[in-house]
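K.L.:
Please work out how this folds:
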Amino acid sequence: MVKQMKTIKDKLSSPNIQQGSPKAVELEKQGLKVEAEFNSFKKAERTGS
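P.N.:
Here you go, the predicted structure:
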């Protein structure tokens with residue numbers, strides 16, 4: 001998951017992707033989804049669920 005977040009951030013910082021473009025918006029959504037999944041996983045690990 002961490003590698004996915006890094007890959008998405010690298011793609012967003014690429015000069016080929018313009019901020020506000022549909023591709024950038026899609027990458028930001030993917031990044032938020034992966035981050036939410038990762039946070040959920042960390043929380044489950046802490047609580048032992």
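K.L.:
now L32: how far from K11?
P.N.:
14 Å (C-beta to C-beta, to the nearest Å). Every residue, glycine included, has its C-beta placed from N, CA and C.
K.L.:
if you count what's nearby, which of these two comes out ahead?
P.N.:
Legend: neighbour count by other C-beta atoms under 10 Å for L32 and K11, higher for K11 (15 against 12).
K.L.:
who's in contact with the more buried one?
P.N.:
K11 makes contacts with 17, 27, as judged by C-beta atoms under 8 Å, 6 or more residues apart in numbering.
K.L.:
Can you list the buried residues in the longest helix along the chain?
P.N.:
Secondary structure of the chain read by DSSP state H shows that its longest helix is helix 22-47. The neighbour-count check on helix 22-47 (16 or more other C-beta atoms under 10 Å) flags 27, 30-31, 34 as buried.
K.L.:
how near is the residue sitting nearest the centre point of the chain to T47?
P.N.:
In the chain, the centroid-proximal residue (C-alpha atoms, centre = their mean) is G31; its distance is 1.9 Å. Using C-beta to C-beta, we find G31 at a distance of 25 Å from T47.
K.L.:
Over to P15?
P.N.:
42 Å.
K.L.:
Next, work out how far apart V25 and N16 are.
P.N.:
15 Å.
K.L.:
meant to ask about L27
P.N.:
On the measure of C-beta to C-beta, L27 and N16 end up 11 Å apart.
K.L.:
got any ranges where this structure has weak pLDDT?
P.N.:
49 (pLDDT under 70).
K.L.:
if I read this right, L12 contacts E26, doesn't it?
P.N.:
No. With contacts counted by C-beta atoms under 8 Å, L12 stays clear of E26, the gap being 10.3 Å.
K.L.:
what residues are up against L12?
P.N.:
24, 27-28, 31 are the contacts of L12 under C-beta under 8 Å, 6+ apart.
K.L.:
could those go into CSV alongside distance to N39?
P.N.:
As requested, those are exported to CSV (distance: C-beta to C-beta, whole Å):
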residue, distance to N39
A24, 22
L27, 19
E28, 16
G31, 12
